[in-house]
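In: Any chance you can model this:
(chains A and B)
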There are 2 protein chains.
Amino acid sequence: MNYVLACLTQINNGGDFVTVKARGRAISRAVDVAQVLTKRFATDIKVQSIAINTEQVKSTITGGMSNVSSIEIKLGK
Amino acid sequence: MNYVLACLTQINNGGDFVTVKARGRAISRAVDVAQVLTKRFATDIKVQSIAINTEQVKSTITGGMSNVSSIEIKLGK
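Out: Numbers count the residues shown, from 1 in each chain, chains lettered A, B, ... in the order given. Here you go, the predicted structure:
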């Protein structure tokens, strides 16, 4: 819900689009944010594009690299 | 990994595309499957389209309806 509010603030301050990004297990939350925003709070906002990718993240414990999926949802008027 | 295998099987059996669908917290796993498939096991397969939506699901406990986000990732040659 905090993320929904943050997106709304950006749009209401004159921004034409917002990009919601997430990695790993937070991906489902990014999709939730986009859906709540477009279906309930800002029905004039639409999903413009969705991209998925893989990022390399360094483990703070082992120091090794691991692959983690990411998502970028671009929302705009 | 089972899902990656299932997708590979469908492609290798002559399918031109595979659609990976998920709801709720499984969304991040669907993205993982798509990424592992396109980046490691079948580099000729590309992400064709990604769609997100909201589905109404009936709770088996309370019987009430709740909204859950969903994703559809279409992969193809």
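In: helices and strands around the helix or strand hosting residue A:35, which ones?
Out: Assigned by DSSP states H and E, residue A:35 belongs to helix A:27-36. When contacts are defined as 3 or more Cβ pairs under 8 Å, 6 or more residues apart in numbering or on different chains; DSSP states H and E, helix A:27-36 packs onto helix A:2-12, strand A:17-23, strand A:65-76, helix B:27-36, strand B:46-58, strand B:65-76. C-beta: built from backbone N, CA, C; applies to glycine.
In: I'd like these written out as TSV, with mean neighbour count added.
Out: Below are these laid out as TSV (neighbours: other Cβ atoms under 10 Å in any protein chain shown):
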stretch	mean neighbour count
helix A:2-12	15
strand A:17-23	18
strand A:65-76	18
helix B:27-36	23
strand B:46-58	14
strand B:65-76	18
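In: For residue A:48, find the nearest of these.
Out: strand A:65-76 (4.4 Å; Cβ to Cβ).
In: mind checking how far the residue most central in space within chain A is from chain B?
Out: Centroid check for chain A by Cα atoms, centre = their mean gives residue A:20 as the closest residue, at 2.2 Å. From residue A:20 across to chain B, the span is 11 Å (Cβ to the nearest Cβ, to the nearest Å).
In: So which bits of chain A are right by chain B?
Out: Within reach of chain B by Cβ under 8 Å from any Cβ of the partner chain, chain A has these residues: A:24-28, A:31-32, A:34-35, A:39, A:47, A:50-54, A:67, A:69-71, A:73.
In: Mind doing that once more with 10 Å?
Out: Residues of chain A lying near chain B by Cβ under 10 Å from any Cβ of the partner chain: A:22-36, A:38-40, A:47, A:49-55, A:67-71, A:73.
In: Now residue A:15, what are its backbone angles?
Out: As for residue A:15, its main-chain torsions (degrees, to the nearest 10) stand at phi -70, psi 140.
In: what about it, neighbour count?
Out: 12 (other Cβ atoms under 10 Å in any protein chain shown).
In: Was I right to think it contacts residue A:7?
Out: Yes. Taking contacts as Cβ atoms under 10 Å, residue A:15 lies within contact range of residue A:7: 9.1 Å.
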